[in-house]
Structure formats: C-alpha cells, structure tokens
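> Have a look at this prediction, sequence included:
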Amino acid sequence: MVIDRGLALPGDRVPPTHRAWVEVDLGAIRNNVKAIRQLLSPSTRLMSVVKADGYGHGAAAVARTALSAGASWLAVATLEEGIRLRAAGIEAPILLFGPTISKEEIEAVAEHRLQPTVCSLAQAHRFSEAGLGVIPMHLKVDTGMSRLGVAWQDAQHLLSALRGLPNVTVASLYSHLATADSPDLLAAAQQVQRFVELVDGLETERARPPLMHLANSAATLSAPTTHFDLVRVGLAQYGIYPASHLRDAVPLLPALSVRARIVFIKTVPPGTGVSYGHTFQTTCPTRLATVAIGYGDGVPRALSNGIDFLVRGRRVQQVGTITMDQCLIDVTGVPETIEGDITTLLGQDGTESIFIGEWVKRLGTVPYEILTTLSPRLPRIFC
Ligand SMILES: Cc1ncc(COP(=O)(O)O)c(C=O)c1O
C-alpha cells in the first residue's frame, strides 16, 4: 500500500487520535498464502502459524485471511492464543504447539476443541484419564532440534502406546527443523533423513498417522521433499523471507508497516546535544522532529542513531537515543514537514520503503523477535 503524503491518510482508516500504529495489509497476506500454496502439491495442506498474535500482525485477522486464501489448519503456541481464536469465532482445526500439563489446561484444551501436542506417554495419559471425550493429538518427535519431542528412535514405540489409550486418537506426527534457513542444506539433511526413516517405518507397519509434517517457512520455500502432508508456515505468510538466499523461491509482499506522527518540530543550533545521554550532537542548524513512538511501543532502543524513517516519501535519519514514548528525526532536508505528519519506520511511503531487514542487520537479531516485540500499545489497523 502507498500512503499519501503528510496528514492525508488512506480513507478514514487511522483515527486522528492515534499517535502511532501498526498497519497490516491483509491483501499481502492473502497474496503470500496463495503464492506459497502454488509451491505445494494439491494434496499438501497449509497450516498458518499465528502464534504470538500472528507474529504481531493480529492473530484472528491473519487466521481468517489465511484460511480464505487456502490454509486449512492454524497453529498457536499457547492455550490462551487458541482460546482467543475460538472466541473470535474461528472454527478451523487449531494445533497447540506448546505441551499441556495441568488438569485445568487439559480441560480448557478439550472445551475449546484445541488439538494438543504430546511428547510423552505421561502427557497423553493425562488427557486419556481426564475422560473428556476423544481428543486428537499430535505427537512431536525430536529429530535434531533438541527442544520438544520424543527422541526419533523412540517415536514408533510411543505411537503404538498412544494408540492403546482410551480417549486418544493420533491426528499427526511432526518434527521441527533447527537449520532450515541455512544456505548449507546439509545441516538440515540429517533431520530430514531421520524423519523420512520414521515415515517409511510407519508405512511398512501400516501405522502412519493421517498427517506427517516437518516443514517451516524456510523448508517450504526451499525443499519440496520436506512438504509431506502439511507445511507449517509462519514468517513467509507475513511476507518476510527466512533468509536472503530464499528470495527467488516465491514473490512475497511484506504485510506490516509501522507508522507514527510527528508531534513537535524545532530548529536547534550546531553543537546541540540530542536526547538522553546526548548520544547525538548536531554539527549544523538542524530541524528536529519529535515522533510519538519509542521503545515502549517496541521500537528497540538499540536502534538509536542507526535507522532511517520515511517522511513525505523521503528518507531521514533517526538521531539521539530512542526514549520510551518518543524519538527524534532530522527533517532538515524535508523543510515542508509539519506537526501531525505521518512518518514510516517500517513499510512504504511513496516510492521509498524500509524493510525489516534493515533493523535485523542493525540489531543482529531475527525478524521474528522484532515483529513479536511490537507492543500491544500500537493499535493494529487492517487494510
Ligand atoms: C513447531 C513450529 N512449526 C512451524 C513454525 C513456523 O516457523 P516459520 O515462522 O519459520 O515458518 C514454528 C515457529 O517457530 C514452530 O515453532
């Protein structure tokens, strides 16, 4: 989406009372899900991963969009995330990645028709003994991530034990790749090999669960041999490539923009210290604009003096330490800037864009962390 200059906003979408916000282009998400679907065989299902409030994009809106564009499953990390989707009226099957431990959690999983991940016989037992009806479970296997899951060597044995329990049905068996985004495909090959051996063994014994799945976004884009019955796609559906070498796989559109208003402008002389700690000193007369967004909104303080903003379609420098609620930009080069103007931290304005990769590089982190730390204080505006 291209925004108009200055105060003019697309329609009435952003209330004038909003000082800063996240814009989510649901059309981009629809485009991305459809494009990813094109990479899959017709029988392979697509699971839209909407944990952490849809990677900061708004879980319910993303889920509805993804389902309408060809996803047939959803995944969340926590019980609360699943309950929120049900409360929003979403009826699609929802896989809960995180394990379920307490009796209260088990009851809530059953009540809200969430589908739990189990990693051990003890976890499955608790569901079985709760006597809450037949609960479809997903057996998580550790093929090399060493986080959640039964060791791959023990998976077949555990699967047959689960099948002996009352009130339990095994809907899928799945594993998670640790290095699928590495250009060195060999790194993930061992995990894939272990998973394939497991699938083969289960097929030989006619014990294959209805769904076997392994691929995250990176594997979905790079390795069709990892698709099996279903792919679990998070980052790519939001229009972000898990690694730069995967850019050619499919055209993706970033869905999220971060914008904030300029709330004050003044010109300061050379030699002026700017913001906490005076980490920036002006060297010439400088027109400083105060923007109403800060680290309390999820703009990392570590980006101070290191990023650009877009103002009236042009790049300007952020200067001085980013504070909790505000930060400063140098608008000397854009003299027509006025109070109330909208600035863009991430996203497009006119022909200029700032991609999340610039922040990723500066922070030495991953896009996942930046997206999921954008604060709930920023209203999500869907377009
Ligand atoms: C088990 C599991 N599957 C799939 C995903 C989706 O990963 P991505 O966002 O890289 O597609 C995640 C995300 O961390 C995950 O934990």
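Thanks, I have the structure now. Not measured: the values here are computed from a predicted model.

> any idea how far the residue of the chain found nearest the ligand is from Tyr368?
Nearest residue of the chain to the ligand (CB to the nearest ligand atom) works out as Gly234 at 2.4 Å. Where C-beta positions appear, they are placed from N, C-alpha and C, glycine not excepted. Distance, Gly234 to Tyr368, by CB to CB, to the nearest Å: 8 Å.

> What of Arg45?
To Tyr368, Arg45 is 23 Å away according to CB to CB.

> swap in Pro379?
To Tyr368, Pro379 is 22 Å away according to CB to CB.

> just Ala243 next, same as before
In terms of CB to CB, Ala243 sits 12 Å off from Tyr368.

> for Arg380, what are its contacts?
Trp21, Val22, Glu23, Val24, His57, Gly58, Ala61 (CB atoms under 8 Å, 6 or more residues apart in numbering).

> Make JSON lines from those residues and add pLDDT, distance to the ligand and secondary structure to it.
Shown next, in JSON lines, are the contacts of Arg380 (pLDDT from 0 to 100; distance: CB to the nearest ligand atom, whole Å; DSSP: H, G, I helix; E, B strand; the rest coil):
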{"residue": "Trp21", "pLDDT": "97", "distance to the ligand": "24", "secondary structure": "strand"}
{"residue": "Val22", "pLDDT": "98", "distance to the ligand": "18", "secondary structure": "strand"}
{"residue": "Glu23", "pLDDT": "97", "distance to the ligand": "21", "secondary structure": "strand"}
{"residue": "Val24", "pLDDT": "98", "distance to the ligand": "16", "secondary structure": "strand"}
{"residue": "His57", "pLDDT": "98", "distance to the ligand": "12", "secondary structure": "coil"}
{"residue": "Gly58", "pLDDT": "98", "distance to the ligand": "16", "secondary structure": "coil"}
{"residue": "Ala61", "pLDDT": "98", "distance to the ligand": "17", "secondary structure": "helix"}
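
> Mind putting these into JSON lines with neighbour count?
Output for the contacts of Arg380, formatted as JSON lines (neighbours: other CB atoms under 10 Å):
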{"residue": "Trp21", "neighbour count": "22"}
{"residue": "Val22", "neighbour count": "25"}
{"residue": "Glu23", "neighbour count": "25"}
{"residue": "Val24", "neighbour count": "23"}
{"residue": "His57", "neighbour count": "28"}
{"residue": "Gly58", "neighbour count": "21"}
{"residue": "Ala61", "neighbour count": "18"}
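
> Show me which of those residues is closest to Glu205.
Each of these was checked against Glu205 using CB to CB; the closest is His57, at 41.5 Å.

> what residues are up against that closest one?
Val22, Val24, Ile29, Tyr238, Ala255, Leu256, Leu371, Arg380.

> what's the neighbour count on Asn167?
By other CB atoms under 10 Å, the residues close to Asn167 number 16.

> Could I get the contacting residues of the closest residue to Gly149 other than its chain neighbours?
Spatial nearest neighbour of Gly149, excluding adjacent residues (CB to CB, 6 or more residues apart in numbering): Asp142 at 3.5 Å. Applying CB under 8 Å, 6+ apart to Asp142 gives the contacts Leu148, Gly149, Val150, Ala151, Trp152, Ser175.

> burial measure for the closest residue to Ile135 other than its chain neighbours, as a count.
Closest residue in space to Ile135, ignoring its immediate chain neighbours: Phe127 at 5.1 Å, by CB to CB, 6+ apart. Look at Phe127: counted by other CB under 10 Å, it has 23 neighbours.

> I'd like to know how far Phe127 sits from Ile106.
From Phe127 over to Ile106 the distance is 6 Å, taken as CB to CB.

> Mind listing the shared neighbours of the two?
By CB under 8 Å, 6+ apart, the residues touching both Phe127 and Ile106 are Thr100, Pro116.

> for the helix or strand hosting Ile83, what is the average pLDDT?
Assigned by DSSP states H and E, Ile83 belongs to helix 79-87. When pLDDT is averaged along helix 79-87, the result is 98.

> That one and the ligand in contact?
No. Helix 79-87 does not reach the ligand (CB under 6 Å from any ligand atom); its nearest approach is 12.5 Å.

> after that helix, next one along is what?
strand 94-99.

> now Thr337, what's its secondary structure?
Counting by DSSP: H, G, I helix; E, B strand; the rest coil, the backbone at Thr337 sits in coil.

> who's in contact with it?
Under the criterion of CB under 8 Å, 6+ apart, the neighbours of Thr337 are Ile262, Ile265, Arg287, Ala289, Val311, Arg312, Val331.

> Can you list the low-confidence ranges for the protein?
Applying pLDDT under 70 to the chain flags residues 1-12.

> swap the cut-off to 80 and go again
Along the chain, segments meeting pLDDT under 80 span 1-13, 185-187.

> So for it, which residue is the most central one in space?
Nearest to the mean C-alpha position of the chain, by CA atoms, centre = their mean, lies Tyr55 at 2.8 Å.

> Looking at the contacts of Asp142, which two lie furthest apart in space?
Of all pairs drawn from the contacts of Asp142, the greatest distance, 12.8 Å, lies between Leu148 and Trp152 (CB to CB).

> now do the same end-to-end measure for stretch 268-281.
End-to-end span of stretch 268-281 (CA to CA, to the nearest Å): 10 Å.

> what about Thr267, helix or strand, and which?
Using DSSP H and E, Thr267 maps to strand 256-268.

> What is that strand packed up against?
Packing partners of strand 256-268 (3 or more CB pairs under 8 Å, 6 or more residues apart in numbering; DSSP states H and E): strand 20-24, strand 286-291, strand 342-349.

> rewinding a little: distance-wise, check the residue nearest to Gly149 relative to Pro136.
Distance, Asp142 to Pro136, by CB to CB: 21 Å.

> for Ala189, same thing?
According to CB to CB, Ala189 stands 31 Å off from Pro136.

> Which one of these two is surrounded by more residues?
Pro136 (17 against 13).
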